[in-house]
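Chemist: sequence first, then the predicted structure:
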Amino acid sequence: MRIEYHRTLINDRVRVAAFHEALRRTIVPGESIVADIGAGTGLLGAMAARLGARKVYLYEAGEIAGVAADVLRKNRIKNAELFACHSTEFEDPPRADIVVSETLGNYALEEDIIETMADAAKRHLKPGGRLLPARLAQFAAAVTAPRIDLELRAWDRATAGLAEIDLSPARTFTLNNIYVRAVAPAELLENQGAPRVVEWDRIELGRDARSNRKGEVAFALARKETIYGFALWWTAELLPGLVLSTAPDAPATHWEQLYLPLIEPIAAETGDSVTLTVKSRTGRETGTTIAWSATHARASGETVSRQNMDLEKGYLP
């Protein structure tokens, strides 16, 4: 993994400040033992030591572990121990009062945080200890602005005025992919003047070990609208009242929202509903795959259309 990726993490002051505050509130100086899982450059573990942790254990399986070791030495942190492995692979790990793990992606689960934290709660955490973060919530909103849709349909305009070539097969691949994009609140379906946002998944980290997730949300149309796709984002509760969010209206982080396209935009009438279903599978061996479908129905319940998109269909063999 290139160091540039880690630079973007360190440069995310919203992220770093939120985790620093969570550690500050939970560490009892001279007493608390902290485990930093997925330590990267070792920043969170080093901060835990500076905040008074009695002992810090860092787990990092990537080559960046070498940088973390240098960071600990450079800062003369003596009460930290670095293990160059994945936390789930470590046999009989030392127990900690606090487990911190910033293994979150633009799609919250893509770095296997559910599996990692379930194992941490079982084997790394002392009884009564605390996980940071403690829970995740995932949200969806319908996108009613054509900006991203127009970008993705460039295939339809590529040869206009030249030799006309039908590139629709390539467009199909494009629309079965998911895109990291900053989506403005004004681009979302509204409800009484505010974006209509629905929670589609909630995860109690450490308790919920299900890496396969599924959620369904329905959007009722108060007026005629065209829906071009959907935006997804997440919140991570570090402590009660201390939440890290990738929502469009939250303070900007290095994470952005995800855009889920539609094969065809949905022209909905007043009273219609559009239902989004999202399924995801994550795993260290299998990676992450996401499928989503959109069902357009009349107020009577009659189905107008159903579209099925799958990230697996967006990859070229």
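Modeler: Now that the structure is in, tell me what you want to look at.
Chemist: R207 - nearest residue in space that isn't next to it in sequence?
Modeler: Distance criterion CB to CB, 6 or more residues apart in numbering; nearest residue to R207, sequence neighbours excluded, is A121 at 7.2 Å. For the C-beta atoms, the positions are set from N, CA and C on the backbone; glycine is no exception.
Chemist: and for L43?
Modeler: Per CB to CB, 6+ apart, closest to L43 is I10, 6.2 Å.
Chemist: related to what we said a few turns ago, and the residue nearest to R207, what does it touch?
Modeler: V99, L131, L205, G206, R207 (CB atoms under 8 Å, 6 or more residues apart in numbering).
Chemist: got the phi/psi numbers for it?
Modeler: phi -60, psi -30 (degrees, to the nearest 10).
Chemist: please report phi then psi for the residue lying farthest from the centre of the chain.
Modeler: Ranked by distance from the centre of the chain (CA atoms, centre = their mean), the top residue is A163, with 42.1 Å. Here is the backbone geometry of A163 (degrees, to the nearest 10): phi -70, psi 110.
Chemist: now A194: phi and psi?
Modeler: Dihedral angles (degrees, to the nearest 10) for A194: phi -120, psi 150.
Chemist: what average pLDDT does stretch 48-62 get?
Modeler: Stretch 48-62 comes out with an average pLDDT of 97.
Chemist: same question, stretch 81-94
Modeler: Mean predicted confidence for stretch 81-94 is 97.
Chemist: what of stretch 168-180?
Modeler: Per-residue pLDDT over stretch 168-180 has a mean of 96.
Chemist: how about the strands in the stretch 151-300 of the chain?
Modeler: 179-181, 190-191, 194-195, 198-204, 213-220, 225-239, 242-245, 257-268, 273-283, 287-297 (DSSP state E, counting those that start in this stretch).
Chemist: could I get these as TSV with distance to T159?
Modeler: What follows is the strands of the stretch 151-300 of the chain, written out as TSV (distance: least, CB to CB, whole Å):
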stretch	distance to T159
strand 179-181	23
strand 190-191	37
strand 194-195	37
strand 198-204	39
strand 213-220	35
strand 225-239	23
strand 242-245	42
strand 257-268	21
strand 273-283	32
strand 287-297	29
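Chemist: just those: most buried one?
Modeler: Greatest average neighbour count among the strands of the stretch 151-300 of the chain goes to strand 225-239 (a mean of 22), per mean count of other CB atoms under 10 Å.
Chemist: so which elements touch it?
Modeler: Here strand 225-239 touches helix 13-26, strand 135-143, helix 147-152, strand 242-245, strand 257-268, strand 273-283, strand 287-297, going by 3 or more CB pairs under 8 Å, 6 or more residues apart in numbering; DSSP states H and E.
Chemist: mind running it again at 6 Å?
Modeler: helix 13-26, strand 135-143, strand 242-245, strand 257-268 (3 or more CB pairs under 6 Å, 6 or more residues apart in numbering; DSSP states H and E).
Chemist: can you list contacts of that strand?
Modeler: Under the contact criterion CB atoms under 6 Å, 6 or more residues apart in numbering, strand 225-239 has outside partners 22, 25, 108, 132-144, 146, 149, 183, 243-247, 257-262, 265-268, 274, 276.
Chemist: would you mind measuring from the residue nearest to V217 when sequence neighbours are not counted to E269?
Modeler: Leaving aside its sequence neighbours, V217 sits nearest to V198 (CB to CB, 6+ apart; 4.0 Å). V198 sits 21 Å away from E269, going by CB to CB, to the nearest Å.
Chemist: next one: E302
Modeler: 12 Å.
Chemist: A236 now?
Modeler: Distance from A236 to E269, by CB to CB: 38 Å.
Chemist: isn't P195 up against L188?
Modeler: Yes - when contacts are counted by CB atoms under 6 Å, P195 is listed as touching L188 (4.0 Å).
Chemist: between these two, which contacts overlap?
Modeler: A141.
Chemist: for E302 and E269, indicate the residue with more neighbours.
Modeler: E269 (13 against 9; other CB atoms under 10 Å).
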